[in-house]
Each structure stands twice: as C-alpha cells, then as structure tokens.
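model the structure of this input:
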Amino acid sequence: MRRRLTCITIIILATSLLGCADGGDAATPVVDTGAGPEGDAAPGLDAGAGLDAGAELDADAAADADASASPTTPVEDAGPGPDPCSTGVVCVDSFPFVHTSSTAGATPSAFDAYACAPSTDESGPEVVYRIDLPETGFLALDLPRTDMATGVDVDVHILTGFDASTCVDRGNWRAGAYLPAGRYWVVVDSWVGGDEIPRAGSYTLTMGFTSASMLADAGMDAAVARAALGAFDVAWQNGDTSRFEYAMTDFSMRSDREREWVVDLATGSVLWNLFVAHGDASNDPSDSRYAQTFSNISGSHQSSLGMMRAGETYVGSYGYSMRIDGLEPGYNDAVRSRAIVVHPWEGSRASYVAAMGETAPTWGCPGIDDAISTAVVDTLSDGALLFFHYPDGDWSRHSGYLP
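I've put the predicted structure just below:
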C-alpha cells in the first residue's frame with residue numbers, strides 16, 4: 001500500500017467577553033459577569049501529538065520525492081486530445097462529479113508511466129476522463145481506498161494534455177491542482193507491482209471544482225478567494241495536507257459579518273459560513289469590529305495570519321476544542337506555544353452578534369459559534385488547513401503561500 005505522493009497521480013451579552021485556549025483551570029465562559037479571561041500562553045497546556053501521518057510508504061515513494069517539492073504550474077491551453085466522449089473516455093462538464101467504474105477490462109493502456117512519477121509502473125488498464133474547466137479554480141479528485149483489501153490499487157493523475165509528460169499531480173487516493181480555464185485529462189490507472197500483475201478493479205471517483213467566483217457567490221471577496229485557493233495549491237504541492245476540507249478567514253472584514261468559510265474542495269461545497277472572533281489587541285482602536293494588527297508573540301492577545309494546520313482535539317475550559325499549528329515561520333509558528341486554538345465561543349453566536357453588533361474578542365483565538373463548533377472541529381481536526389488573510393503589507397507581501 002502506498003502513501004499519497006505530492007508530485008501530481010489521479011487526483012473553513014457583552015463586549016467584555018474574552019477567551020482563548022484552555023489554561024488548565026475550570027473556568028467557563030460567561031456573559032456580562034466581568035470574569036477574567038484566560039491567557040494565550042497559559043501554563044500547563046499539553047502540546048500533544050502533532051498531525052498523524054497515517055500514511056504508508058511504498059515502492060514508488062522514493063522516485064516521487066524530488067518531484068513533490070515543485071509547485072503546480074498551470075498552463076493556459078491544455079490542448080486537444082482524442083475525440084470527446086469517444087470509446088473509453090468519460091466526459092465531465094459539471095461538478096461535483098461522482099463516477100463508479102472499474103479498470104478491469106478497460107481499454108488497452110495508453111499510459112504506462114507519468115512524468116510526475118516516472119519510476120512508477122502504471123502499465124495496467126485505465127479509465128480516461130476529459131474535463132473542461134470554465135474558469136480558473138481548484139480541481140480536487142478523491143479516490144477512496146475502499147477496495148485495497150481486495151488487491152485493487154488504482155491511482156489518479158491530472159494531465160494538461162493527452163500525454164503522460166503533462167502530468168501535474170498524482171495520488172494514490174487524492175490529487176488536486178489550481179488550474180486556469182481549459183481542457184484537462186484525468187486518468188485512473190492500475191498500478192503494476194514487481195510481480196507484473198496489474199492491480200485493476202473497481203473504484204468510485206469524486207471530482208470537485210472550486211473557483212473564486214463560486215466563493216464570491218457565498219460572500220467572500222473574490223481577490224481573497226483567489227489568494228486562498230492559490231495558497232491551498234501551494235500547501236498541497238508542499239505536502240502540508242492530504243485533506244480537502246479547508247477553512248478560510250478574511251480578517252479584513254468586520255466581525256459582525258460571517259467572515260470564515262469552511263469548504264470541502266472534494267465536492268466544491270461550502271459547509272459553513274461562520275462568525276469568527278479576533279484577538280482583542282488586534283482591534284482597530286477606532287472600530288473594534290475590525291482587526292488591524294497581528295502578531296506571533298506570546299502574550300500579545302493578537303491574532304496571527306497565514307496558513308495553519310488543524311491538530312488534535314481536546315476538552316478544555318471552553319469545551320471541545322482543537323489545537324492548531326502554524327506553517328509560516330515568523331508569522332504563526334508560535335500559535336501552539338501561545339495556546340491559540342479553535343474553541344467554542346458564545347461571543348461568536350449569531351444571536352450575540354445581532355445584539356452587540358460585533359463578535360466578542362478573545363485573547364487571540366479564532367473562537368467560533370458554540371452551537372456548531374463540535375461539527376466544525378470534527379471536520380477539520382487532525383490535518384485540515386486553516387488560512388487567515390489580511391492585507392497587512394508584511395505577511396501579505398512575504399508569505400511563501402502567496403504569489
């Protein structure tokens with residue numbers, strides 16, 4: 001069994017409320033009681049386990065290692081391939097697209113190896129899909145490993161042309177890429193082991209497509225949406241995640257607006273659009289609804305920016321919560337030691353925001369509505385990405401996840 005290879009195979013009431021991470025005491029959040037907040041670097045916080053790798057190495061992992069560091073370079077014109085929807089080709093023109101099929105008995109193999117994993121033997125039979133993307137967006141492909149126990153091992157590949165040399169991403173179970181409008185090819189191919197036996201068989205493939213315009217329709221600024229999708233693409237190529245759940249927060253928006261979007265890129269669906277708190281010391285002095293300053297410093301009571309990864313869950317002073325790890329040195333890599341976590345927060349309830357005209361600030365934690373926080377945490381924990389955006393002129397110019 002092989003782990004996902006990131007080189008490219010087929011492929012979110014009272015203004016005195018303050019809260020943050022579990023500091024080890026038994027305090028519970030209160031409204032209008034004047035109770036003191038918890039610190040963002042509270043003692044006794046167990047760093048806990050990091051992201052569970054959970055992946056198995058395989059024979060072709062070493063061959064793909066070098067290619068995994070190269071980000072996807074989209075092409076403007078994917079070029080023509082065989083006649084659309086000819087025998088052996090499945091045409092896709094709407095998303096999400098779910099298709100159950102089998103490589104066993106499929107058309108003779110047109111692809112035996114791919115540029116993104118040249119040492120991997122994919123000479124078994126395959127199923128080919130033609131995809132026409134109407135605009136720039138992230139194409140996500142999910143191939144659950146439900147049949148691995150039966151000896152089936154099929155992989156997914158994204159091609160920018162009908163040629164194995166144009167492979168831009170591959171995976172044993174998932175693949176994805178941020179691509180401009182155009183025609184692309186997806187190939188579900190049968191891996192061949194050292195015994196020269198093709199691991200052909202049945203599979204179910206889900207394709208999702210998410211564009212900035214789709215996120216704009218859900219209330220996100222289109223420019224921020226483009227930045228967020230591009231940042232996810234960089235993270236995907238870096239191997240920062242193997243998950244398609246993604247939380248995006250636009251801290252340039254007022255806190256009385258739902259400024260966090262949790263999406264499932266595998267289906268292109270918005271799961272939640274939430275109110276989310278920022279740190280009280282991040283407040284714009286003239287309007288506390290806006291965040292203005294950000295920090296990576298313990299005790300600052302400020303929010304952090306950039307790409308982060310969801311960690312393990314725990315039960316703390318505010319209830320069922322989730323630790324997070326920053327992926328950008330100097331900007332957010334101290335969030336775990338600062339005890340910046342995602343926790344349930346009364347001050348992010350829709351009813352609170354309606355009454356007070358803003359979310360209640362925390363000491364830096366992105367607190368979310370306690371009525372739905374459990375479902376959100378369960379969706380993101382142990383590996384999904386969280387992205388916090390703001391045009392501050394520092395992080396926004398120097399982040400390795402932004403162009």
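
who's in contact with S399?
231, 305-307, 328, 331 (Cβ atoms under 8 Å, 6 or more residues apart in numbering). For glycine as for every other residue, the C-beta is placed from the backbone atoms N, C-alpha and C.

next: R226.
136, 212.

looking at the contacts of S399, which is nearest A350?
L305 (25.2 Å; Cβ to Cβ).

which pLDDT does the model give the closest one?
Looking at L305, its pLDDT reads 98.

look up how far T374 lies from the closest residue to C91 other than its chain neighbours.
Closest residue to C91 apart from its sequence neighbours, by Cβ to Cβ, 6 or more residues apart in numbering: C85 at 4.3 Å. Separation of C85 from T374 (Cβ to Cβ, to the nearest Å): 44 Å.

those two: which is more packed in?
Between C85 and T374, counted using other Cβ atoms under 10 Å, the more crowded position is T374 (14 against 11).

just the strands in the stretch 201-350 of the chain please.
202-211, 245-250, 260-264, 269-274, 283-284, 287-291, 306-316, 319-326, 341-342, 344-345 (DSSP state E, counting those that start in this stretch).

tabulate those strands (a markdown table), appending distance to D112 and mean neighbour count.
What follows is these, written out as a markdown table (distance: least, Cβ to Cβ, whole Å; neighbours: other Cβ atoms under 10 Å):
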| stretch | distance to D112 | mean neighbour count |
| --- | --- | --- |
| strand 202-211 | 19 | 22 |
| strand 245-250 | 34 | 25 |
| strand 260-264 | 33 | 25 |
| strand 269-274 | 36 | 18 |
| strand 283-284 | 59 | 16 |
| strand 287-291 | 53 | 19 |
| strand 306-316 | 36 | 22 |
| strand 319-326 | 40 | 22 |
| strand 341-342 | 45 | 28 |
| strand 344-345 | 52 | 26 |
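
any chance of the ones you listed in JSON lines, plus distance to V128?
Formatted as JSON lines, these follow (distance: least, Cβ to Cβ, whole Å):
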{"stretch": "strand 202-211", "distance to V128": "12"}
{"stretch": "strand 245-250", "distance to V128": "28"}
{"stretch": "strand 260-264", "distance to V128": "25"}
{"stretch": "strand 269-274", "distance to V128": "26"}
{"stretch": "strand 283-284", "distance to V128": "53"}
{"stretch": "strand 287-291", "distance to V128": "47"}
{"stretch": "strand 306-316", "distance to V128": "34"}
{"stretch": "strand 319-326", "distance to V128": "39"}
{"stretch": "strand 341-342", "distance to V128": "41"}
{"stretch": "strand 344-345", "distance to V128": "47"}
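
tell me which of these lies nearest to R174.
Once the strands of the stretch 201-350 of the chain are compared by Cβ to Cβ, strand 202-211 is nearest, at 9.7 Å.

what pairs with that closest one, and is each one parallel or antiparallel?
If you go by DSSP bridges, strand 202-211 pairs up with strand 97-102 (antiparallel), strand 137-142 (antiparallel).

any chance of the ones you listed in TSV, plus mean pLDDT?
Output for the strands paired with strand 202-211, formatted as TSV (pLDDT from 0 to 100):
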stretch	mean pLDDT
strand 97-102	96
strand 137-142	98
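
is the spatially most central residue of the chain in a bridge, and if so with what?
The chain has Y246 as the residue nearest its centroid, 3.5 Å off, counting by Cα atoms, centre = their mean. Beta bridges link Y246 to V263, L385, judged by DSSP bridges.

buried residues in the longest helix anywhere in the chain, which are they?
In the chain, with assignment by DSSP state H, the single longest helix is helix 222-238. For helix 222-238, the neighbour count (16 or more other Cβ atoms under 10 Å) marks 224-238 as buried.

and the residues you listed, which is closest to D287?
Distances from D287 to the buried residues of helix 222-238, taken by Cβ to Cβ, are shortest for V224, at 19.7 Å.

quick one: pLDDT of the closest one?
For V224, pLDDT reads 98.

and the gap between it and L271?
Taken as Cβ to Cβ, the span from V224 to L271 is 18 Å.

L385 now?
14 Å.

same question for D121.
D121 is 38 Å from L271, by Cβ to Cβ.

again, but for G279
With Cβ to Cβ as the criterion, G279 and L271 are 25 Å apart.

for D370, same thing?
Taken as Cβ to Cβ, the span from D370 to L271 is 17 Å.

check Y184 too.
For Y184 relative to L271 (Cβ to Cβ), the value is 26 Å.

same thing with E126?
32 Å.

also A140?
Taken as Cβ to Cβ, the span from A140 to L271 is 14 Å.

same check, this time on D155
For D155, the distance to L271 - Cβ to Cβ - is 27 Å.

ditto for Q292
29 Å.

in the stretch 1-150 of the chain, where is pLDDT below threshold?
1-84, 108, 145-149 (pLDDT under 70).

can you give me the helices for the stretch 301-403 of the chain?
350-356, 373-380, 395-398 (DSSP state H, counting those that start in this stretch).

please enumerate residues in contact with the second one?
The list of residues contacting helix 373-380 from outside it, by Cβ under 8 Å, 6+ apart, reads 245, 247, 262, 271-272, 274, 310, 313, 319-322, 342-345, 368, 386.

what do you get if the cut-off is 6 Å, keeping everything else the same?
245, 247, 310, 313, 320, 322, 344 (Cβ atoms under 6 Å, 6 or more residues apart in numbering).
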